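Q: Sequence below, structure please.
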Amino acid sequence: MAIGKRLNKAREGVDREKLYPLADAIKMVKERAKAKFDETIEVAINLGVDPRHADQMVRGVVTLPNGTGRTLRVGVFARGAKADEAKAAGADVVGAEDLVEKVQNGAIDFDRCIATPDMMPLVGRLGKVLGPRGLMPNPKIGTVTMDVTGAVKGAKGGSVEFRVEKAGILQAGVGKASFSEEKLVENIKALADAVSKAKPAGSKGTYIQRVAVSSTMGPGVKVEPGTILG
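A: Numbers count the residues shown, from 1 in each chain. All right, here's what the predicted structure looks like:
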């Protein structure tokens, strides 16, 4: 079946103007996740912010209670004892100058990047390479830290980084279609709680304005914003 026909069929029964309670929306999305692979369940949240202003940027990290269903490859920039600590914690790629050189040559073999503070002068040279991929370590989201073990285990255990985009939209994967409805609801509420706590002082009016959930290949289902909190 062509992708267009499959999506049109999946849209059947979804009122594109209606706002559904979160649990109902998740049920509808799961029922329509019919791809031959375990589709990722994603949430998109429109926030009442203008991220072009520094005081309205929203970003952070949250550990989802039921994980993401995805195994991340973690890269760590560290030396000596901290490098050993990273390897012991399960990091996939660990290095210092050697890892910087590999990344500069285009070998980026990780999905999450962590660095100890002393490595940042070196890692800073990779801004043009790591930045556009959302991989640049940042102390605000706990990826520049001396707690290498905690950061690596968090990344491996289901922590999700979130960051609002230019249009004020924040998107994140919150699990797989194979997850139970209850686990997906718990994950989305954990994300929403973290996003709510990250509300910037510069945000005026309604903060969480619109919410939608979808699967990788399925249609979006609009959600009542109030049902993703608490």
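
Q: In the longest helix belonging to the chain, which residues are buried?
A: If you go by DSSP state H, the chain has its longest helix at helix 181-197. Going by neighbour count (16 or more other C-beta atoms under 10 Å), the buried part of helix 181-197 is 183-192, 194-195. All C-beta atoms are positioned from the backbone trio N, CA, C, and that covers glycine.

Q: Now find how far off-centre that helix is within its chain.
A: Averaging C-alpha positions (C-alpha atoms, centre = their mean, to the nearest Å) puts helix 181-197 12 Å from its chain's average.

Q: same deal with stretch 188-205?
A: With C-alpha atoms, centre = their mean as the basis, stretch 188-205 stands 15 Å off its chain's centre.

Q: which residues sit against that stretch?
A: 22, 26, 43, 45, 47-49, 53, 55-65, 160, 162, 170, 172, 174, 207-208, 213, 228-230 (C-beta atoms under 8 Å, 6 or more residues apart in numbering).

Q: do the same with stretch 69-88
A: Residues outside stretch 69-88 that contact it (C-beta under 8 Å, 6+ apart) are 38, 40, 90-96, 99-100, 108-116, 118-119, 122-123, 137, 146, 148-149, 151-152, 155-156, 173, 175-176, 178-179.

Q: Generate a PyMOL selection restricted to the buried entries among these.
A: Here is the PyMOL selection string for the buried members of the contacts of stretch 69-88, based on 16+ other C-beta under 10 Å:
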select buried, resi 38+40+91+92+93+94+95+96+99+100+108+110+111+112+113+114+115+116+119+123+137+148+149+151+152+155+156+173+175+176+179
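
Q: Out of the contacts of stretch 69-88, list just those in helices.
A: Among the contacts of stretch 69-88, the ones falling in helices (DSSP H) are 99-100, 122-123, 148-149, 151-152, 155-156.

Q: so residue 38 sits right up against residue 178, yeah?
A: Yes. Using C-beta atoms under 8 Å, residue 38 is in contact with residue 178, at 5.0 Å.

Q: tell me the domain boundaries of the protein?
A: Domain segmentation of the chain under the TED database yields 14-66+157-225, 72-155.

Q: related to what we said a few turns ago, just to be sure, which of the contacts of stretch 188-205 are found in strands?
A: Among those, the residues falling in strands (DSSP state E) are 43, 45, 47, 59-63, 160, 162, 170, 172, 174, 208, 213.
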